[in-house]
Structure formats: C-alpha cells, structure tokens
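Asks: Mind folding the following:
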Amino acid sequence: MAVVGLLGGFLLPLFLGTDRPRVWALLGYLLLVHGGLVAVAALRRWPGLVAVSALGTLLWGGIYAAKYFGLAPWALGGLVLGAIAALLLVRRSLGTGGAFDLIPAGSLSAFFLILCTVARPYSLEAWAMLALLSAGMIILATRLPYHLAAFAAAAILLVTEATQFLMNRPLQPVPSPFAHQSHAFGIILGFGVLWALGSWLAHWRSARPVTNLLTGTVAAAGTVGLAYLLNRQDPLPVHPGVLALIAGALLVGMAVPILNRRTLEAANERLAVLLAGATLLISAAVPMVLEEAWLTVAWAVEVPLLVFLDSRLKVPALRVFAYGLAAGAGIRLLLNPWVFSYPTGSVPVFNWLLYAYGIATAAFVLAGRLLRIEGHGAPARSLEWLARALGAALVTLEIRHWLHHGTLKGGLKDPWEWAAYVLAWFALAFLFKALHARALTLDNLTAARILGAWSLFIQLWVLALVLNPLWHAVWVGTTPVANGLLVLYGLPLLGCVACARWIDGEVSLLKRLHLAGAYALGALLLTLLVRHAYHPETMHLGRASDLEQYTYSAAWILLAVGTLVAGILRKSKVLRFTSLGVMMLAVAKVFLYDIAALSDLHRFLSFVALGASLIGIGVLYQKFVFRDREGQ
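Replies: Modelled structure (predicted):
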C-alpha cells in the first residue's frame with residue numbers, strides 16, 4: 001500500500017497539470033506527500049521508503065529548477081530544505097546513522113548538483129537561494145564529503161556564467177545575470193566568502209576537518225580566479241591581485257588558531273591545506289598585477305616555500321604539491337612555444353627572460369638544497385636537473401633575444417646564431433665541470449658531458465652540414481685566414497679538444513667523438529679557408545678555378561702529412577690511420593678529378609706535390625714507425 005501511495009502521489013501532478021504554472025501549489029503538494037511518506041516510514045521503520053520518496057521529490061524539484069526556478073526560487077529552496085529536515089527527523093526517530101546518512105546528504109548534494117547544472121538564476125533572490133543551499137552543504141560537510149561534488153557544480157555554474165558574460169554570447173536568449181559587472185563581482189565574492197569562512201567554521205566540529213578546509217581553500221582560490229577573468233573585460237572595484245593578497249592573508253589568519261592548538265587531530269594536515277593555499281594566492285598576485293607570463297614564476301617561487309613548510313610541519317602533501325608545481329613550471333618554461341610570443345622587453349640581458357628563468361632556476365636550486373637537508377635525495381636531484389635545464393635555456397634564449405634585437409621570433413638559418421649557441425653551451429659545460437670540481441657532484445659532471453656532446457652534434461649537423469658556407473650564404477669578412485671562419489669553426493674546434501681533455505675524462509667514447517669531431521672541423525675549416533681565399537664574398541657561388549682545385553689537393557696532402565707527424569710524435573695509431581685516410585682522399589682527387597679537369601701545368605704540379613708527399617710519407621714510416629716496431 002505504501003508503494004502504491006508513493007507512485008500515485010508523485011504521478012498525480014502529471015494528470016492535474018495546467019497551462020499556467022503554479023509553483024507554490026506543486027511544491028507544497030510534493031512536500032506534503034514526502035512528509036506523509038516519511039512519517040509512514042518512521043512508524044513502520046522502512047528506511048528504504050524514505051530513500052524512494054526523496055528520489056521522487058528530487059526528480060520533481062529538478063524539473064522545476066530547469067523551467068521555473070526564476071519564478072519562485074524560495075519555494076524550490078523551501079521544498080528541498082523541508083524534505084531534508086524531514087529526513088533528519090526520521091533519522092533521529094529511528095536512531096539510525098551510518099548508511100542512512102547517505103540519504104539526506106546524497107539528496108541535497110544531488111539536488112544542488114542538478115540545480116547548478118540546469119538552473120539559470122537571473123535574480124538576486126535566486127542567487128540568495130543558492131547561497132542558502134550552500135550553507136546547508138557546508139553543515140552536512142561536517143559529516144559527509146558530498147559537498148565537494150556540489151561545490152564543483154557551483155564552480156561550473158559560476159565559470160559558465162562568467163564565460164557567457166566575457167564572451168557576450170549567452171547560451172540562452174535571456175539576459176545574463178552578469179549584465180552589470182558590479183553585481184557579478186558581489187555575487188562571486190559573496191559565494192567565496194561563504195564557502196571559505198563557512199568551511200573553516202564547520203571544520204572545528206567536523207569528522208573530516210581537512211576536507212572542509214580544502215573546500216574553503218579551493219573556494220578562496222576560485223573566487224580570485226573568477227574575479228581575474230571578469231577584470232580582463234572591465235576593471236573591477238578591487239584589483240584581482242589585491243584580492244589574491246587579501247585571500248592569502250585570510251587563509252593565513254585561519255591557520256593562526258590551529259598553530260596555537262597543535263594538539264588538534266590532524267593539525268599538521270590542516271595547516272598544510274591553509275598555508276599551501278595562502279602561498280598559492282600570494283604568489284599568484286604577482287602575475288595578476290604584472291602579466292600572465294609571470295604566472296610560471298609564481299609557481300616556481302612557491303616550490304621552495306612549500307618545501308620549507310613541509311620541513312617544519314612534516315606534511316608530505318605539501319612536498320607532493322611542490323613537485324607538481326615544479327613540473328608545471330618546468331613544462332611551461334621549457335616546452336611552451338608561447339614563450340616566444342611573451343613581451344620580454346628590448347633591453348639585452350636585463351629583461352623578462354632573466355627574471356623568469358633566473359628566478360625559477362634559483363628557486364629550484366634552493367628547493368633542492370632544502371630537500372637534501374631533509375634527506376629526500378631523489379626529488380632534490382630532479383629539481384637540480386630542472387634548474388640546470390632552465391639555466392641552459394636562459395643562456396640560449398638571451399642569445400637569441402640579443403641577436404634578434406629584442407624579440408624571440410624569427411628563423412634559425414643564421415650560422416652566426418648557431419655558433420653563438422655552440423660556444424655558450426661549451427662555456428656552460430665548463431661551468432658545470434668547475435662546479436663538479438668544487439662540490440664533487442656527479443650530476444654536474446654528467447651535465448657538462450651532455451652539453452659537450454650536444455654542442456658537438458649541433459656543430460657537425462647544423463654548421464658543418466645544413467648551414468655550410470659552401471652552399472649557404474654567410475658573410476665572414478674578406479680578410480684571408482683571419483676572418484669569421486675561425487669563429488664559426490675554429491673556436492668550436494678548440495671547445496671539442498678542451499672537452500676531450502678536461503671533461504670527458506675516463507669516458508673513452510665521448511673523448512674519441514670529441515677528438516674526431518675536432519679533426520673533422522679542422523679539415524672543414526682548412527677547406528673553407530681555401531675556398532674563401534678565392535671567393536671572399538660569395539663562397540657558395542662561383543666555379544672553382546684550376547688553381548683553386550690544385551690548392552685543395554695541396555692542402556689535403558699537407559693535412560695528411562701533418563697528421564702523420566702528430567701520430568708519430570704521440571705514438572698514436574689512430575692518427576696514423578687517419579693520415580692514411582686523408583692521403584687516400586687526396587690521391588683519389590688527383591687521379592679521378594685533377595687529371596681530367598686541370599690544365600697541363602696544374603696537373604703537373606699536382607702530380608709533383610703528390611709524389612713528393614708520398615715519398616716523404618714513406619721516409620717517415622721507414623725512419624720512425626718501422627724502426628719503433630723493430631725496437632719493440
């Protein structure tokens with residue numbers, strides 16, 4: 001009979017409906033039906049009937065919330081609160097708890113979720129009704145965590161309304177409740193204060209105090225964020241940066257009573273939530289006052305602050321939050337292509353790049369040291385590696401900013417720019433080597449070797465192959481020998497030799513690669529100097545004359561002889577074999593090209609030089625190499 005009465009009671013409005021909505025009548029009827037069913041359930045001790053009745057009331061409330069919430073928001077709110085009050089009375093009369101608590105809390109949370117999703121409050125009364133329901137959620141939050149889902153729905157509602165206002169494109173052909181921005185600011189600020197202060201007051205007697213404080217912290221941060229969105233359209237009465245400082249100070253003030261009562265249950269966790277939110281809001285005030293590009297800097301600055309708080313409060317959640325912020329800051333600074341469009345300023349060195357990347361680098365170094373003091377070695381190493389990457393990025397971007405006259409935009413086809421990068425990376429490699437020698441940290445030595453190997457790769461791939469002056473236009477001056485080629489290829493050659501000598505150490509593979517790269521750069525430099533001597537202005541254009549071809553052959557032969565002499569003096573089999581390879585290349589050129597292409601005189605001179613060099617090489621081998629072998 002109870003089930004039949006329940007179905008009939010909730011289906012009756014479908015058959016008695018009229019064209020003219022009578023909200024108060026319907027909602028009063030639903031409240032009467034629900035109260036009767038709750039009374040029956042209390043007498044017969046049928047908690048399941050209460051749950052079904054709450055579901056029916058919730059369904060009808062959702063329908064009217066979507067269609068007629070603007071007509072009578074107080075009626076709908078009275079229905080919900082009355083239904084919840086009836087459920088609580090049943091709970092008290094039955095003396096049950098636990099699972100039965102899910103009914104009132106779940107009903108109010110689900111209804112609030114539906115209300116924030118489908119309802120469009122276009123009056124102050126409707127917003128006040130939402131505030132009243134929010135207060136009910138805060139009270140229930142002292143026992144059950146359903147308020148989090150409801151709060152997320154409220155945030156979705158506020159963001160949706162704010163977005164409609166900012167874009168000036170309402171989803172429905174009705175006036176926006178944020179038509180006047182002062183009303184919007186007041187509503188958002190009121191909800192933020194309600195949730196922040198209400199959650200803080202409720203947490204003192206809550207079974208889940210940390211969850212309550214987390215809700216209040218999120219409410220404070222969300223309020224500041226929404227105010228920032230509105231301020232981008234038109235100035236608000238209070239600047240969002242100032243609001244962020246006030247909200248951060250409010251959270252710090254909330255933490256003071258907890259600091260004075262450290263014997264509270266989960267006191268450290270409570271402090272962690274409030275202080276983490278406070279540092280986030282205070283650091284966010286900087287980019288709000290300046291530019292959005294400073295947001296990443298604020299994240300980076302917050303990392304050592306959170307690590308320091310964890311070292312004092314011993315709350316691992318703070319440290320985990322710091323790791324997340326560090327990862328986010330690193331991604332935004334190292335992998336964010338929008339960095340190239342940020343307003344960096346036109347002053348070389350002392351610009352946004354120095355402040356952003358420099359402050360982030362210093363923050364991560366400090367956080368790493370704090371973590372090492374606390375015994376967290378692996379996270380400390382990760383932050384230190386991130387600091388090294390940011391330092392290298394800072395140097396690279398500063399060079400680009402300087403060469404592109406105050407901007408990061410532009411192409412990457414200038415060999416001088418790449419040469420500057422290579423030399424800067426070699427310098428950083430030696431800096432990390434010096435830091436290793438001072439502190440004996442293996443990570444600094446590894447970073448030096450990585451930069452050295454990367455510099456060699458870029459030098460060989462970009463400058464020697466892609467942007468080679470033989471087929472890419474580049475101005476190096478007109479002076480023979482002492483020109484820009486010595487900078488483009490001579491200085492990186494010395495860098496490779498220095499890396500092999502002082503950085504690679506016992507890593508034989510890297511050492512051999514750097515020495516081989518240095519030799520290849522030397523051979524290329526010699527060839528380019530010959531080309532420049534005959535084509536000083538346009539090395540990539542013009543046909544090689546007979547004399548130029550002869551000079552190439554002679555230069556390669558001299559290089560082979562010089563390499564052989566060095567191999568004999570250093571007793572290096574590698575150099576001797578390298579000399580043999582270069583000589584074979586010169587012989588192949590003489591026989592395969594010079595014979596057919598050169599004139600008679602140059603062909604004769606080419607053969608004379610080749611013959612003399614071969615005889616000289618034979619004498620050197622006979623006098624030094626073979627004699628050493630016989631002596632051994």
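
Asks: Report pLDDT for G35.
Replies: Per-residue pLDDT puts G35 at 70.

Asks: how many other residues sit next to it?
Replies: For G35, the number of neighbouring residues by other CB atoms under 10 Å comes to 17. For every residue, glycine as well, the C-beta is placed using N, CA and C.

Asks: before we move on, which element is it in?
Replies: Remark: G35 resides in helix 23-44, with elements defined by DSSP states H and E.

Asks: and if you look at G225?
Replies: helix 209-231.

Asks: now A322
Replies: A322 belongs to helix 316-334 when assigned by DSSP H and E.

Asks: That helix: what's the following helix or strand?
Replies: Using DSSP H and E, the next helix or strand after helix 316-334 towards the C-terminus is helix 352-373.

Asks: I'd like the average pLDDT over that next one.
Replies: In the prediction, helix 352-373 has an average pLDDT of 93.

Asks: And stretch 426-435, by the same measure?
Replies: Stretch 426-435 comes out with an average pLDDT of 94.

Asks: pLDDT score for the closest residue to V481 other than its chain neighbours?
Replies: Among residues not flanking V481 along the chain, L529 sits closest, at 6.0 Å (CB to CB, 6 or more residues apart in numbering). Listed pLDDT for L529 reads 94.

Asks: Repeat that for the one 4 residues further on.
Replies: You'll see A533 listed with a pLDDT of 92.

Asks: secondary structure class for it?
Replies: Here A533 is helix, with the state taken from DSSP: H, G, I helix; E, B strand; the rest coil.

Asks: now it, nearest residue through space, not along the chain?
Replies: P480 (5.3 Å).

Asks: burial of the one you found, as a residue count?
Replies: By the measure other CB under 10 Å, the count of residues near P480 is 11.

Asks: Check L271 too.
Replies: Neighbour count for L271, taken as other CB under 10 Å: 23.

Asks: right, and the helix or strand after the host helix or strand of it?
Replies: Assessed by DSSP H and E, L271 sits inside helix 267-289. Counting by DSSP H and E, the next helix or strand C-terminal to helix 267-289 is helix 295-313.

Asks: Please put the alpha-carbon coordinates of that following helix into PDB.
Replies: Provided in PDB are the C-alpha atoms of helix 295-313 (Å, rounded to 0.1, in the frame of the first residue of the first chain):
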ATOM      1  CA  LEU A 295      52.400  33.000 -13.500                       C
ATOM      2  CA  THR A 296      55.100  30.400 -14.100                       C
ATOM      3  CA  VAL A 297      57.500  32.400 -12.000                       C
ATOM      4  CA  ALA A 298      54.900  32.500  -9.200                       C
ATOM      5  CA  TRP A 299      54.700  28.700  -9.400                       C
ATOM      6  CA  ALA A 300      58.500  28.300  -9.200                       C
ATOM      7  CA  VAL A 301      58.800  30.700  -6.200                       C
ATOM      8  CA  GLU A 302      56.100  28.700  -4.400                       C
ATOM      9  CA  VAL A 303      58.200  25.400  -4.700                       C
ATOM     10  CA  PRO A 304      60.800  26.300  -2.000                       C
ATOM     11  CA  LEU A 305      58.200  27.800   0.200                       C
ATOM     12  CA  LEU A 306      56.200  24.600   0.200                       C
ATOM     13  CA  VAL A 307      59.300  22.500   0.800                       C
ATOM     14  CA  PHE A 308      60.300  24.800   3.700                       C
ATOM     15  CA  LEU A 309      56.800  24.400   5.200                       C
ATOM     16  CA  ASP A 310      57.000  20.700   4.900                       C
ATOM     17  CA  SER A 311      60.300  20.700   6.600                       C
ATOM     18  CA  ARG A 312      58.700  22.500   9.600                       C
ATOM     19  CA  LEU A 313      55.200  20.900   9.600                       C
END
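
Asks: in that helix, what's buried?
Replies: Buried positions in helix 295-313, judged by neighbour count with 16 or more other CB atoms under 10 Å: 295-311, 313.

Asks: same thing with stretch 542-559?
Replies: For stretch 542-559, by 16+ other CB under 10 Å, it's D546, E548, Q549, Y550, T551, Y552, S553, A554, A555, W556, I557, L559.

Asks: could you give the mean pLDDT of the helix holding A322?
Replies: Computed over helix 316-334, the average pLDDT equals 88.

Asks: Kindly report the same for stretch 545-552.
Replies: pLDDT averaged over stretch 545-552 gives 81.

Asks: again with stretch 411-423
Replies: 93.

Asks: what does stretch 260-268 give?
Replies: 78.

Asks: quick one on the thing from earlier: which SSE is the residue nearest to V481 in?
Replies: Going by DSSP H and E, L529 is part of helix 508-534.

Asks: Counting neighbours, which bits of that helix end up buried?
Replies: Neighbour-count burial for helix 508-534 flags 510-511, 513-532 (criterion: 16+ other CB under 10 Å).
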